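**Q** predicted coordinates and the sequence they were generated for:
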Amino acid sequence: MTAPIEADVAALSYEQARDELIQVVSRLEQGGATLEESLQLWERGEALATRCEEWLIGARKRLEDARQGGAQGDTPSAVEAENGDVF
């Protein structure tokens, strides 16, 4: 993969990368492209798929962090217990 492709794709939102990936796959499935065009589409598709995966991994981590934060918020902290703020 070339650096310009990666840099361009890195700026895309999840939805933008997903929508473009759908278009790339469609163009590849239709056929009719030259070998060079097909290889460029394939490289672009790989970069887009990687970007989508990065977004999904980040979203999963944010959800896990939120769940852990919520679980910790359900129990009184040691400071609250020491100060007698827990009823």
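**A** Great, that's in hand. Residues are numbered from 1 along each chain as shown.
**Q** helix or strand: which one has the most centrally placed residue in the chain?
**A** In the chain, the residue lying closest to the centroid (CA atoms, centre = their mean) is residue 55, at 1.0 Å. Applying DSSP states H and E as the criterion places residue 55 in helix 35-73.
**Q** show me what that helix is packed against.
**A** helix 3-10, helix 14-30 (3 or more CB pairs under 8 Å, 6 or more residues apart in numbering; DSSP states H and E). (C-beta placed from N, C-alpha, C; glycine too.)
**Q** ok, and what's touching the longest one?
**A** Around helix 14-30, the neighbours that count as contacts under CB atoms under 8 Å, 6 or more residues apart in numbering are 9, 12, 33, 38, 41-42, 44-45, 48-49, 51-52, 55-56, 59.
**Q** what pLDDT does residue 70 get?
**A** Confidence at residue 70, expressed as pLDDT, is 74.
**Q** residue 50 - how many residues pack around it?
**A** Residue 50 has 15 neighbours, counted by other CB atoms under 10 Å.
**Q** ignoring the adjacent residues along the chain, who's closest to it?
**A** residue 9 (7.6 Å; CB to CB, 6 or more residues apart in numbering).
**Q** now do the contacts for the residue nearest to the centre of the chain.
**A** By CB under 8 Å, 6+ apart, the neighbours of residue 55 are 13, 14, 17.
**Q** once you drop chain neighbours, what's closest to the last one?
**A** Here the nearest residue to residue 17 in space, its sequence neighbours aside, is residue 51; by CB to CB, 6+ apart that works out to 4.3 Å.
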